[in-house]
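>>> just need the structure, nothing else, for what follows:
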Amino acid sequence: MLFETDNVPLGIIGAMIDITEQKRIEQTLRDTQEHLEERIHERTAEMINTVKQLFREITERRAIEKELRHAEERHRHMIELISDSIYSVAIHPDGSFELEWGMNGLTQLTGYTLDEIGVEEWVKLVHPDDQAIIAKRTARFMAGETVETEYRLVGKTGDIRWVRDLGQPVWDHEQQRVIRLYGSIKDITSYRQTRKALQESERMLSTLMNNLPGMAYRCRYDADWTMEFVSEGCLALTGYQPADLIHNATIAYASLIHPSDRQSVHHAVRKALANHEAFEFRYRIHTIEHQQRWVWERGVGVVHEPTAPVLLEGFVIDITASIQAEASLRQSEEQLRLVINATNDGIWDWSIQTGYLYLSPRWQTMLGYEPGELPGHESTWRNALHPNDRHRVLQLVQEYLEQHRDFYQAEFRLRNKAGDWQWILARGKIVEWDAEDRPLRMIGTHTDIREQKQAEIQIRKHAARAEALARVAGRLNAQVDLPSILRTICEETRQLLQTDIVLIGLYQADHDHIAIVDGIGLPAETIATIDPIPLWLINQQTPVWVFTDTRQFPAAISRIDRIAQSATCTMLWSLMIRDHDVVGVIANITLDATRTFSQEEHRWIKGIADQAAQAMSNARLFDTIEKNAPC
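Predicted coordinates:
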């Protein structure tokens, strides 16, 4: 376009160009671009589909791989939980074997690694005595058989293990041979040991039951006691073979029980079963030879299944000898009781190790106790011993227990219930020792020897007084002067009778009275104040008598109590008589009002009085002869 200077258009100048080819090319380009876009779109869609398919395949593969890993993990855990060791052995056409894999314990079982274990090496691990088993096993495998075998393996350290080997061959039908062997090996060493121990236990139990003096049994809980099992001891017990009693083949066991005992036996079993307890009782049976025997039975009810009937299992032994021994023992005990009662001795039974001491009723009543009142322990006896006897007696017991003495016998005093000391003679004997020859049990008797001891005391007193009397006689016969005779009478009499005061009175014929002329236990001046005693006051028919209260004395001698300063003294009065005439009196006075004088003492004072009368008569005769003798 052309413009003037004032921008007014003047005209248009132009040119024309042929662009047909250009348009054609542009159209072709547009068509090609559209085709390319379509192809790109199609290829993109195909590629997307391919990617999606690939992604799905990858995802599925990953899932499969994951599931495979999980399966392998499960299988590995399952294999680990299985105690068997498993293996796979390939069998080549040339008949050689190759261990493909083995797991789960082959190394632990043998001590060898899998690299060290091959089929050939495995065979070498088999115990030499079991090699023949492996040879037979291999032959059966090759024939296509599944085989289970037990044999021994010798481990790397030399230890021997029993195994159970289960092998299953894989048969190839095209090749018509076994191409592979799968198997498992289980360590059964503990099982074999347990089985051996069980077999040994069963053997021992069988031997024990067959050799015990009794019958083990299992029977039904019915009226016949139908036996299902009976040990060999049945023959010795009943005379019947076990087969005769099983299922009541020949006779029912219940019929062997004594008719008088059947009801009590069934009642005892029924009660025990109701209380879920074992039963135990004694009863009588009749043997095949119609002999009566006592038996002891112990058993229990068993139920093997909830719906199964109750069975009884137990043991029956012959106790006839024991019953007879018990009867003999009861008879012996009764005889012993009668003997003990007849001897009136107390019985003791000492368990040395425990200190228990059985004290018979008589042992206790001997000391004034009621039967059962004293504790049954050796301290009861020990504590009752007199202190002056304890050391001596315990020493005797110890010496006997240590076998330093052939027997135990001792005399001692025991305190009785009243608190008095009572003389006992004890005898004992050890009747039981332990394996080391130490005493376990000692029995013995106690005998009350109070009367014997009193008799011994009296004998000793008699001997002492006889000796004193002989001494008095000797002294009196050796003296001829009256004062010495009187003094001897006072001293010996006081010593013999253990009195406080002794007075001597002599008959004065010119005054017809008894004058106290000497004494002991009172001052001489006091004796001189005692009034004479008229002869007529003296009972000459009774040469010895006792006054227990001086206040009842005749007036002539009533001052004795004042002289002795006691109103409760006791006086033993004895006349000295010669040729039926009273020549004097001996008065023995004790200040103990409870003192009594025995008949024995009466006799002794009478003897001294007679010897004194003789001595005084001799002294007067000697004095008369001396006075009438020529100078």
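
>>> tell me which residue lies nearest the centroid of this protein.
The residue lying closest to the centre of the chain (CA atoms, centre = their mean) is Thr354, at 10.8 Å.

>>> what secondary structure does that residue sit in?
With DSSP: H, G, I helix; E, B strand; the rest coil as the basis, Thr354 sits in coil.

>>> go on, Ala593?
Ala593 ends up coil, using three-state DSSP.

>>> any idea how far Ile586 is from it?
Ala593 sits at a distance of 20 Å from Ile586 (criterion: CB to CB, to the nearest Å). Backbone N, C-alpha and C define where each C-beta goes, glycine included.

>>> and Leu158, backbone torsions?
Actually, residue 158 is Gly. It isn't Leu. phi 90, psi -10 (degrees, to the nearest 10).

>>> with Arg471 instead?
According to degrees, to the nearest 10, the main-chain angles of Arg471 amount to phi -60, psi -40.

>>> ok, back up a step: Ala593 and Ile586: which is more packed in?
Taking neighbours as other CB atoms under 10 Å, Ala593 and Ile586 compare with Ile586 leading, 25 against 12.

>>> hmm, the more buried one is touching Met576, no?
Yes - if you go by CB atoms under 8 Å, Ile586 and Met576 touch, sitting 6.6 Å apart.

>>> joint contacts of the two?
The contact sets of Ile586 and Met576 overlap at 609, 612 (CB atoms under 8 Å, 6 or more residues apart in numbering).

>>> chain neighbours aside, what residue packs nearest to Trp101?
Ser88 (5.3 Å; CB to CB, 6 or more residues apart in numbering).

>>> for Thr149, see how far away the one you found is.
Note on Ser88: its distance to Thr149, by CB to CB, is 18 Å.

>>> the nearest residue to Val89 once chain neighbours are set aside: what's it in contact with?
Nearest residue to Val89, sequence neighbours excluded (CB to CB, 6+ apart): Leu181, at 4.4 Å. When contacts are counted by CB under 8 Å, 6+ apart, Leu181 is found next to 88-89, 91, 141, 167-170.

>>> helices of the stretch 501-631 of the chain, start to end?
524-528, 560-564, 599-628 (DSSP state H, counting those that start in this stretch).

>>> what's the answer for the stretch 201-350 of the chain, then?
233-238, 242-245, 259-274, 320-343.

>>> the third one - what's its average pLDDT?
This points to helix 259-274. Averaged over helix 259-274, pLDDT sits at 93.

>>> with just CA atoms, put that helix into PDB.
Provided in PDB are the C-alpha atoms of helix 259-274 (Å, rounded to 0.1, in the frame of the first residue of the first chain):
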ATOM      1  CA  PRO A 259     -17.400-118.800 104.600                       C
ATOM      2  CA  SER A 260     -17.200-116.900 107.900                       C
ATOM      3  CA  ASP A 261     -14.900-114.300 106.300                       C
ATOM      4  CA  ARG A 262     -16.500-113.700 102.900                       C
ATOM      5  CA  GLN A 263     -19.000-111.100 104.100                       C
ATOM      6  CA  SER A 264     -16.400-109.100 106.000                       C
ATOM      7  CA  VAL A 265     -14.000-109.200 103.100                       C
ATOM      8  CA  HIS A 266     -16.500-107.900 100.500                       C
ATOM      9  CA  HIS A 267     -17.700-105.200 103.000                       C
ATOM     10  CA  ALA A 268     -14.100-104.000 103.500                       C
ATOM     11  CA  VAL A 269     -13.500-103.800  99.700                       C
ATOM     12  CA  ARG A 270     -16.800-102.000  99.100                       C
ATOM     13  CA  LYS A 271     -16.000 -99.500 101.800                       C
ATOM     14  CA  ALA A 272     -12.500 -98.800 100.500                       C
ATOM     15  CA  LEU A 273     -13.700 -98.300  96.900                       C
ATOM     16  CA  ALA A 274     -16.400 -95.900  98.100                       C
END
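
>>> who does that helix touch, helix- and strand-wise?
For helix 259-274, the packing partners by 3 or more CB pairs under 8 Å, 6 or more residues apart in numbering; DSSP states H and E come out as strand 279-286, strand 292-302.

>>> what about the shortest one, average pLDDT?
For strand 279-286, mean pLDDT is 94.
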